[in-house]
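Asker: this one's sequence-less:
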């Protein structure tokens, strides 16, 4: 797969140990297995990269120290696998969740940039809102995410895996090929 700016997901990197998300984020997931960063399997990401030719990943793995994808300018074509649940920057304060990433994708579209975001289908509020803003919704299916901690696929039973959708946010007036 083509390398994406800012240390994108690559098969050889996925098997390395997952670094901390950084001191500015507080994990509020309380997951029993202590996994909190899941990567798109390469066989699912490759066709998207082939279609969109991603040049930036605002949610990179590994995430460079101090990097905040919501605070930086994005590329012309962006792969966005944001946190599916909110993470607070300050303990006890409002979580930064999927809607923040949706708003940022729209702001980037105004600059002429395309973004492809992925969300679990239970994130109906953000999915519906992006559709209302002109986002193209594509069914992505049940993704068996890869844990960055050890490179293993999500161990959930098939019936427990949440279906996901891709939302393509393009600059105004642009449509798919």
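Answerer: It's in. Quantities reported herein were computed from a predicted structural model and do not represent experimental measurements.
Asker: Compute the number of surrounding residues for residue 163.
Answerer: 12 (other Cβ atoms under 10 Å). Yep, even glycine has a C-beta here, placed from its N, CA and C like the rest.
Asker: What pLDDT is listed against it?
Answerer: Model confidence at residue 163, given as pLDDT, is 94.
Asker: residue boundaries of the helices in the protein?
Answerer: In the chain, the helices defined using DSSP state H lie at 11-14, 42-52, 98-110, 124-132.
Asker: Flag every buried residue along the last one.
Answerer: Spelled out, it's helix 124-132. Within helix 124-132, the residues that qualify as buried are 126, 127, 129, 130, counting by 16 or more other Cβ atoms under 10 Å.
Asker: Output the contacting helices and strands for that helix.
Answerer: In terms of contacts (3 or more Cβ pairs under 8 Å, 6 or more residues apart in numbering; DSSP states H and E), helix 124-132 is packed against helix 98-110, strand 114-120, strand 136-142, strand 163-169.
Asker: For stretch 110-130, give the mean pLDDT please.
Answerer: Stretch 110-130 comes out at a mean pLDDT of 96.
Asker: how long is it end to end?
Answerer: Distance across stretch 110-130, first residue to last, is 14 Å (Cα to Cα, to the nearest Å).
Asker: gap between that stretch and the chain center?
Answerer: Between the centre of stretch 110-130 and the centre of its chain there are 10 Å (Cα atoms, centre = their mean, to the nearest Å).
Asker: just stretch 102-121 next, same as before
Answerer: On Cα atoms, centre = their mean, the centre of stretch 102-121 falls 10 Å from the chain's centre.
Asker: ends of that stretch, how far apart?
Answerer: Using Cα to Cα, the two ends of stretch 102-121 sit 15 Å apart.
Asker: Which positions within it qualify as buried?
Answerer: For stretch 102-121, the neighbour count (16+ other Cβ under 10 Å) marks 102, 104-106, 108-109, 113-120 as buried.
Asker: cool, and stretch 63-80?
Answerer: 63, 67, 69, 74, 75, 76, 77, 78, 79, 80.
Asker: Those residues: which two are farthest apart?
Answerer: Across the buried residues of stretch 63-80, no pair lies farther apart than 63 and 76, at 21.0 Å, counting by Cβ to Cβ.
Asker: re earlier: for residue 143, which of the helices of the chain is the nearest?
Answerer: Comparing these by Cβ to Cβ, helix 42-52 comes nearest, at 6.2 Å.
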